[in-house]
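Trainee: below is the sequence, then the predicted model.
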Amino acid sequence: MRLFTIGVYGSTKQSFFAALQAAKVDLFVDVRRRRGLRGKTYAYANATALKKYLKELGIEYLHLPDLAPTQEAIASQGEADKRAGVARRARQELDPGFVKSYEHDCLANLDPAGVREQLGHAKRPVLFCVEETPGACHRSLLADRLAPAWRGQVQHLVCAP
C-alpha cells in the first residue's frame with residue numbers, strides 16, 4: 001500500500017499519464033474544488049477529459065471536494081502570492097495563513113482511517129491537484145495527515161517532461 005500525490009503544472013499529457021502508470025496508481029482522487037483548467041495546455045486535466053483518459057488506463061476516478069481548500073483560503077493564498085510577486089504556477093511553498101486556514105477548515109476534524117475506508121479497495125491511490133511542487137499545494141498537507149492510514153508510505157510523483 002502506498003499513497004501518492006501528483007500535480008499537473010509543468011507536465012505534458014504524456015508525462016502526466018506515464019507517471020500514473022509507472023506508479024501503478026489504481027485510484028485517482030481529485031481533491032480540487034473546481035475540476036477545470038483554463039486554456040488548452042492542460043486540457044487533459046479537465047474533469048471530462050481526465051475521466052476518459054483514466055478509464056482507458058483502467059484507473060478509477062473519485063472526486064472529493066470536501067478535501068479541497070475553501071474559497072477564502074484560496075483567496076488568502078492568492079493575496080500572499082501577489083504580495084510576494086510570485087505567479088501561482090511558480091509558487092514553491094504555501095503561505096502560513098493558507099496553511100492555518102486549511103488545517104482549521106479541513107484537516108482539524110479529518111479522520112485518516114475514515115478517508116482510507118472511503119477509498120475502498122484502492123492500494124495505490126493518488127491525490128491530485130494542480131500545483132507542480134507538492135509543498136506549494138494543499139495535497140502535501142493532506143497527504144501528511146493521511147500518511148498514518150498508509151503506514152507512512154507517501155510518495156510525491158514528478159511528471160515533468
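Mentor: Yep, it's here. Everything numeric here is computed off the predicted structure, so don't read it as measured data. Residues are numbered from 1 along each chain as shown.
Trainee: mind listing the helices for the protein?
Mentor: Secondary structure of the chain (DSSP state H): helices at 13-22, 47-57, 71-84, 96-102, 112-118, 138-146.
Trainee: in terms of mean pLDDT, which of these ranks lowest?
Mentor: Mean pLDDT is lowest for helix 112-118 out of the helices of the chain, coming in at a mean of 91.
Trainee: related to what we said a few turns ago, possible to save the helices of the chain as a markdown table with distance to residue 65?
Mentor: From N, CA and C alone the C-beta is placed, and that goes for glycine too. Listed next are the helices of the chain as a markdown table, based on distance: least, CB to CB, whole Å:
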| stretch | distance to residue 65 |
| --- | --- |
| helix 13-22 | 21 |
| helix 47-57 | 11 |
| helix 71-84 | 12 |
| helix 96-102 | 14 |
| helix 112-118 | 13 |
| helix 138-146 | 12 |
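Trainee: mind checking these for the one nearest to residue 64?
Mentor: With CB to CB, the closest approach to residue 64 among these belongs to helix 112-118: 7.5 Å.
Trainee: elements contacting the closest one?
Mentor: helix 138-146 (3 or more CB pairs under 8 Å, 6 or more residues apart in numbering; DSSP states H and E).
Trainee: tell me what angle the helix it packs on forms with helix 71-84.
Mentor: Inter-element angle recorded for helix 138-146 and helix 71-84: 120 degrees (by axes from the mean of the first three to the mean of the last three CA atoms, to 10 degrees).
Trainee: elements contacting helix 138-146?
Mentor: Packed next to helix 138-146, using 3+ CB pairs under 8 Å, 6+ apart, are strand 3-6, helix 96-102, helix 112-118, strand 125-128, strand 154-156.
Trainee: now with 6 Å, please.
Mentor: Under the contact criterion of 3 or more CB pairs under 6 Å, 6 or more residues apart in numbering; DSSP states H and E, helix 138-146 touches strand 125-128.
Trainee: ok, the strand it packs on: who's next to it in the sheet?
Mentor: Strand pairing for strand 125-128, using DSSP bridges, gives strand 3-6 (parallel), strand 27-30 (parallel).
Trainee: how far off centre is the first one?
Mentor: Chain-centre distance of strand 3-6: 7 Å, with CA atoms, centre = their mean, to the nearest Å.
Trainee: buried residues in that strand?
Mentor: Neighbour-count burial for strand 3-6 flags 3, 4, 5, 6 (criterion: 16 or more other CB atoms under 10 Å).
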